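In: the following block contains a protein sequence and its predicted model.
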Amino acid sequence: MSATEATAESTGVTNLNVSGGEAGPAPVAIVVSYGFWIFLLSDIIMFSALFATYAVLSGQTDGGPSGRELFDTRNVAIETLCLLFSSYTCGLGSVFLERRSLSAFFALVGLHGAHVSIGLIWLAFMVAQTAAKGPREFVLRRLRCFSLFWHALDIIWVAVMSLVYLMAVRV
Amino acid sequence: MNEKSKHSSSILAYTSGLAFALLLTGASFLVSHSHELWGPGLPVGLAVLAIAQMGVHLVFFLHVGSGPDDTNTVLALAFGILIVTLVVSGSLWIMANLNGNMMPPSAIMEMAR
């Protein structure tokens, strides 16, 4: 019984090797970066719900101050440049406007700010890890994931900039 | 040699990506702060510029390409774009419809009387 099992197993393995072509599972680097890409896409989908909410609600101020009166687009331009150059010294969690605004605005821009903050913490952690452990395989993999995350944040910022700030100007 | 040329080509990709991104950002700011575009067409113009810039980010920064290694990534991206389009356009469509069917405030006041 155990002998037949063993032969079945061994033939199974041989068949797999013959038919599979490439042997074994995909390398960790590919699996991890693909999984991280899926996470980023789901993150973007979460943002899309908030973008839709903001787009629906942004005009409904019932006579209150509109985006045009509240936003200073020069700050937005400076922030965009900072993010494009990835100069992380720019504190993006800073205040965009004062009081009285729609909670949709804070949900959208605040969530983006939270992502930026988490990214900054992650960046500091990666700097420390690279300094301590050197460019080893898993360090490089994490750095690649971080770079994906940071560029995805850039993409979301492009949408925030266009929808929230530039469309509010409406000359 | 091979390693070095790979290096410089990726640096070139990042630099040209940055240049494109800066160009498109400048264009969106210019368009929204001047009268270059017809007023009601402004949101469409900004959306086009934003989508173009997202494409630049995807290709030059996130390295989404057409190579055989990227098939899974591109498929996942296509699915993500589908969901995002459904969520955003669906919400806007439904809410615009509801808004259009709302009774004007004066009529509501009239009924309450």
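Out: Arrived safely. Residues are numbered from 1 along each chain as shown, chains lettered A, B, ... in the order given.
In: only C-alpha atoms for contact and neighbour calcs from this point on.
Out: Will do.
In: which SSE is residue A:65 in?
Out: Per DSSP states H and E, residue A:65 falls between elements, in no helix or strand.
In: tally up the residues packed near the closest residue to chain B within chain A, please.
Out: At 4.8 Å from chain B, residue A:52 is the closest residue in chain A, using Cα to the nearest Cα. The local packing of residue A:52 (other Cα atoms under 10 Å in any protein chain shown) involves 21 other residues.
In: got it, and residue B:29?
Out: So residue B:29, with other Cα under 10 Å, has 20 neighbours.
In: that one touches residue A:161, doesn't it?
Out: No: assessed by Cα atoms under 8 Å, residue B:29 is found out of contact with residue A:161, at 9.6 Å.
In: helix or strand: which one has the residue of chain A closest to chain B?
Out: Using DSSP H and E, residue A:52 maps to helix A:28-57.
In: which parts of that helix are buried?
Out: Across helix A:28-57, burial judged by 16 or more other Cα atoms under 10 Å in any protein chain shown covers A:29, A:33-34, A:36-38, A:40-41, A:43-45, A:47-56.
In: if we can go back for a sec, identify the residues contacting the residue of chain A closest to chain B.
Out: By Cα atoms under 8 Å, 6 or more residues apart in numbering or on different chains, the residues touching residue A:52 are B:87-89, B:91-92.
In: just residue A:156 next, same as before
Out: Neighbour list for residue A:156: A:44, A:47, A:112 [criterion: Cα under 8 Å, 6+ apart].
In: which of these come close to chain B?
Out: Of the residues in the contacts of residue A:156, proximity to chain B by Cα under 8 Å from any Cα of the partner chain holds for residue A:44.
In: including pLDDT and distance to residue A:129, could the contacts of residue A:156 go into a markdown table?
Out: Output for the contacts of residue A:156, formatted as a markdown table (pLDDT from 0 to 100; distance: Cα to Cα, whole Å):
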| residue | pLDDT | distance to residue A:129 |
| --- | --- | --- |
| A:44 | 88 | 28 |
| A:47 | 87 | 30 |
| A:112 | 77 | 25 |
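In: in helices, which of the contacts of residue A:52 fall?
Out: Using DSSP state H, the subset of the contacts of residue A:52 located in helices is B:87-89, B:91-92.
In: and those, which is closest to chain A?
Out: Nearest to chain A, judged by Cα to the nearest Cα, of those is residue B:88 at 4.8 Å.
In: ok, which stretches of chain B are helices?
Out: Using DSSP H, the helices found in chain B span residues B:2-33, B:42-56, B:71-101, B:105-112.
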